[in-house]
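> This is a predicted model, with the sequence first.
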Amino acid sequence: MKTQRLLAFGFALALVPNLFAQVTSTGPQVQVSPPPSPDTKPLPNQIPSSKPTGQYNAPKTDEKKPVVIPDRKLTAPDRVEIIRGLTAELGFARKPFPMGKTGLKLDAKTGVITPDGERLEAIMAGYGPSIKPGDRARITDVKFKDKSIIFDLNGGPERKKKWYEHIQMSGMGGTIQPGQPDDNANIHGTSLELTFDKFVPDLKPEEIKQLLDPLLNFNAKSATEAYLETIPPAAKQAITDHRALVGMNREMVTYAKGRPPQKHREREGDVDYEEWIYGTPPQDVEFVRFVGDEVVCIETMKVDKTKVVRTDPEVVLKKEEPEVAQGAPGQPAPASTSPDSAEGPKGKPSLRRPGEDAGGDDQPSLGTPPRRIPPPSQPPETEHPTVPGTIPPPNL
């Protein structure tokens with residue numbers, strides 16, 4: 001045993017010089033270059049950067065380049081790919097969509113949306129909104145035309161028949177249809193049309209989503225994220241923190257706190273209000289009071305029996321007020337509604353037409369009591385001649 005150990009130790013000592021020589025030969029080779037002369041110019045890659053360390057901004061990977069519309073027509077395989085890639089896709093609306101067959105059109109080249117402005121407001125007033133900003137919009141059908149692609153949202157503006165509505169049964173009593181179609185079905189869908197100049201180009205589903213981004217947000221993870229883009233920053237932060245602020249509307253409070261477990265409607269003086277109650281004892285209880293659609297007071301009852309009341313506006317929302325037409329320069333001012341005017345006090349009913357002169361009309365208005373006509377005066381008593389031995393006639 002001792003002899004074997006000595007042989008192994010001697011063999012290891014013999015291998016050490018060979019290993020050292022191998023490591024030296026395969027080690028890193030350092031090349032030392034002579035210092036540059038003052039006459040030689042440095043290469044471009046040897047010039048030190050003047051940018052401070054840490055100030056370089058690397059390109060973001062999530063930044064999307066603008067879509068370049070190719071000058072080639074859409075092929076049949078790409079058409080199938082678009083249908084498969086976009087059908088049942090869920091997005092969130094950035095703008096309101098009207099209900100009915102008149103949907104929104106988006107120009108893929110210029111990004112112009114039609115109808116817009118007053119025309120869109122008129123359609124919304126006539127047919128009602130189908131999708132509001134922040135609502136879910138699911139693509140249910142994709143149709144292709146010569147110069148456009150039509151997307152049906154939330155079922156589309158037209159009702160489609162079910163499979164059982166095409167079944168007919170014939171017999172001795174005639175033909176009957178088990179599933180009678182209901183033409184008066186309440187349809188809430190709408191449509192979106194993406195238009196092009198010459199033809200529908202060869203685009204991928206992701207590129208079409210990027211073209212539809214002005215109207216539909218496919219990157220938002222939830223409806224709350226899409227809705228937060230349309231409200232003030234203070235309200236956005238409060239919704240993120242699940243807090244209610246004075247000045248919010250019902251929709252904002254619902255996004256921030258959820259649906260209230262309890263509601264109470266009361267009347268204080270001449271004002272009707274509604275209170276939403278969040279929390280139950282022994283936790284903090286919060287009372288959110290609404291007058292109309294605005295939060296006017298938030299009262300919090302703490303666990304330590306302290307009461308915190310907030311009534312000052314904490315967020316200001318833009319309220320659309322109707323514009324009043326003003327008279328042009330040089331035009332006469334509108335008629336006054338003061339009590340001294342010819343039309344009388346404001347709100348007082350009258351039989352006169354607008355603009356009718358009240359000077360030559362003696363007819364009283366409905367708001368004034370009728371003029372009393374004095375009764376006819378009694379005729380003077382006349383003396384009748386009397387004949388001796390007769391009774392004089394009575395005075396009439």
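The structure has been received and is ready for your questions.
> Surely W276 touches K263?
Yes. With contacts defined as Cβ atoms under 8 Å, W276 counts as touching K263 at a distance of 5.9 Å. Using the backbone N, CA and C atoms, a C-beta is placed for each residue, glycine as well.
> In terms of neighbours, single out the busier of those two.
W276 (22 against 11; other Cβ atoms under 10 Å).
> burial measure for the nearest residue to that one once chain neighbours are set aside, as a count.
With sequence-adjacent residues excluded and distances taken as Cβ to Cβ, 6 or more residues apart in numbering, W276 is closest to P260, at 3.7 Å. As a burial measure, P260 scores 18 neighbours (other Cβ under 10 Å).
> Break the protein into its domains for me.
Under the assignment automatic domain parsing, the domains of the chain span 76-159+186-225, 231-310.
> give the contact list for the residue nearest to W276.
Residues in contact with P260, defined by Cβ atoms under 8 Å, 6 or more residues apart in numbering, are W276, I277, Y278, V288.
> which among those residues gets closest to K162?
Proximity to K162 was ranked across these by Cβ to Cβ; first place goes to W276, at 40.3 Å.
> residue contacts, that closest one?
Contacts were defined as Cβ under 8 Å, 6+ apart; by that measure W276 touches V253, K257, P260, Q262, K263, F287, V288, F290.
> now T300, what's its secondary structure?
Following DSSP: H, G, I helix; E, B strand; the rest coil, the label given to T300 is strand.
> How about it: what's its closest non-neighbour residue?
Beyond its immediate neighbours in the sequence, the residue positioned closest to T300 (Cβ to Cβ, 6+ apart) is V308, lying 4.4 Å away.
> gap between that neighbour and V285?
Note on V308: its distance to V285, by Cβ to Cβ, to the nearest Å, is 11 Å.
> Among these two, which residue is more densely surrounded?
For V308 versus V285, neighbours defined as other Cβ under 10 Å are more numerous around V285 (16 against 11).
> could you pull out the helices for this structure?
Under the criterion DSSP state H, the chain carries helices at the ranges 2-26, 76-86, 118-127, 205-211, 223-228, 233-240, 250-257.
> Least confident of these, on average?
Set side by side, the helices of the chain give their lowest mean pLDDT on helix 2-26, at a mean of 57.
> Show me the shaky parts of the chain.
Segments of the chain classed as low confidence (criterion: pLDDT under 70) are 1-64, 161, 178-186, 221-224, 319-349, 355, 357-396.
> Let's see that with 50 instead.
Counting by pLDDT under 50, the ranges of the chain that qualify are 19-20, 22-28, 30-32, 44-45, 47-61, 321-345, 361, 365-366.
> Next, the buried residues of stretch 306-318.
Of all the residues in stretch 306-318, those buried under the rule 16 or more other Cβ atoms under 10 Å are E314, V315.
> end to end, how far does that stretch reach?
Length of stretch 306-318, first residue to last, Cα to Cα, to the nearest Å: 34 Å.
> again, but for stretch 190-209
Per Cα to Cα, the first residue of stretch 190-209 is 18 Å away from its last.
> what's the answer for stretch 172-192, then?
Start to finish, the residues bounding stretch 172-192 are 48 Å apart (Cα to Cα).
> same check, this time on stretch 141-152
Using Cα to Cα, first and last residues of stretch 141-152 are 5 Å apart.
> now stretch 86-104
18 Å.
> Buried residues, it. List them.
Result for stretch 86-104 [16+ other Cβ under 10 Å]: buried residues 86, 89, 91-94, 96-100, 102-104.
> Skip the chain neighbours and tell me the closest residue to I69.
Using Cβ to Cβ, 6+ apart and skipping the chain neighbours, the partner closest in space to I69 is P201 (5.2 Å).
> so that neighbour touches K73, yeah?
Yes. Distance between P201 and K73: 6.9 Å, which falls inside the contact criterion (Cβ under 8 Å).
> Who has more neighbours out of these two?
More neighbours sit around P201 than around the other of P201 and K73, counting by other Cβ under 10 Å; the figures are 18 against 11.
> ok, so what distance separates that one from F144?
For P201, the distance to F144 - Cβ to Cβ - is 12 Å.
> anything in contact with each of these two?
Common neighbours of P201 and F144, using Cβ under 8 Å, 6+ apart, are L74.
> ok so, going back, just say which of the domains of the chain is most tucked in.
With neighbours taken as mean count of other Cβ atoms under 10 Å, the domains of the chain reach their highest mean count in domain 76-159+186-225, at a mean of 17.
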